[in-house]
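what follows is a protein structure lacking sequence information:
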């Protein structure tokens, strides 16, 4: 392209434009009870296995999975936001452990393809 | 195979011996609300972001993560058990989608190293 316009990287629209020029990262936060912490939901699943006629299943742990999108200048900054969110809101650090997984990134030009 | 011994497939120990000779597979089942299905927990997380002073986070989905161990002769058979468990007990297929992830495998010789 030899045109002088900059489609997809326009930043003259104020805050909205600045956000539009930043990539969006999709993360998963997996939260599980710490080893040794009682897991009543896991025991309930194990207790149901016999009724279903399922054998050979053990050590069931039940936790939560949170998926979210973060718009930030860099992946490091996006991950720092997710880490803060996980530690302060999503998980209880006394009884739970959490792990953060990057699922994907959407560049500014492709933002319209994000699924909700 | 031209040998007459069958190390690693020994089945003379009864049920216990048969189980001990089989590998154990660790899986995660991720269960999330279907796209378009109302997610009140996700909305609650989004509503808390302002109080925490966190910006740039969107499209929060809250689901469950179940980790479990399956002892079976092959990975295919172990996965079939997990698939049945996910569809019949862990997820509600009307409003939820699930994904199965293999986390690792423990061979019979290394069974003692499994973590609970």
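Received, thanks. None of the values given here were measured: they were computed from a predicted structure. Numbers count the residues shown, from 1 in each chain, chains lettered A, B, ... in the order given.

now do the SS call for residue A:92.
coil (DSSP: H, G, I helix; E, B strand; the rest coil).

check the gap between it and chain B for me.
Relative to chain B, residue A:92 is positioned 14 Å away (C-beta to the nearest C-beta, to the nearest Å). C-beta here means a position set from N, CA and C on the backbone, and glycine is covered the same way.

per-residue pLDDT, that residue?
In this model, residue A:92 is scored at 95, pLDDT.

burial count for it?
When neighbours are defined as other C-beta atoms under 10 Å in any protein chain shown, residue A:92 has 12 of them.

same check, this time on residue A:84
13.

cool, and residue A:101?
As a burial measure, residue A:101 scores 12 neighbours (other C-beta under 10 Å).

wait, what's in contact with the residue nearest to it when sequence neighbours are not counted?
Spatial nearest neighbour of residue A:101, excluding adjacent residues (C-beta to C-beta, 6 or more residues apart in numbering or on different chains): residue A:28 at 4.6 Å. The contact partners of residue A:28, by C-beta atoms under 8 Å, 6 or more residues apart in numbering or on different chains, come to A:65, A:66, A:67, A:100, A:101, A:103, B:30.

state the helix or strand in which residue A:28 lies.
strand A:24-33 (DSSP states H and E).

ok, residue A:64 next?
Counting by DSSP H and E, residue A:64 is found in strand A:57-71.

the longest helix seen in chain A near chain B at all?
Determined from DSSP state H, the single longest helix within chain A is helix A:40-52. Yes. Applying C-beta under 8 Å from any C-beta of the partner chain, one finds helix A:40-52 in contact with chain B at A:42, A:45, A:48, A:49, A:52.

tabulate the residues you listed in a markdown table, adding columns for pLDDT.
What follows is the residues of helix A:40-52 next to chain B, written out as a markdown table (pLDDT from 0 to 100):
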| residue | pLDDT |
| --- | --- |
| A:42 | 96 |
| A:45 | 96 |
| A:48 | 94 |
| A:49 | 93 |
| A:52 | 90 |
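
which pair in the residues you listed has the greatest spatial separation?
In the residues of helix A:40-52 next to chain B, two members sit farther apart than any others by C-beta to C-beta. They are A:42 and A:52, at 15.6 Å.

what about the two, which has more around it?
Comparing residue A:42 with residue A:52 by neighbour count (other C-beta under 10 Å), the higher total belongs to residue A:42, at 19 against 13.

surely the more buried one and residue A:63 touch.
No. Using C-beta atoms under 8 Å, residue A:42 is not in contact with residue A:63; the gap is 9.0 Å.

intersection of neighbour lists for the two?
Counting by C-beta under 8 Å, 6+ apart, the contacts common to residue A:42 and residue A:63 are A:33, B:66.
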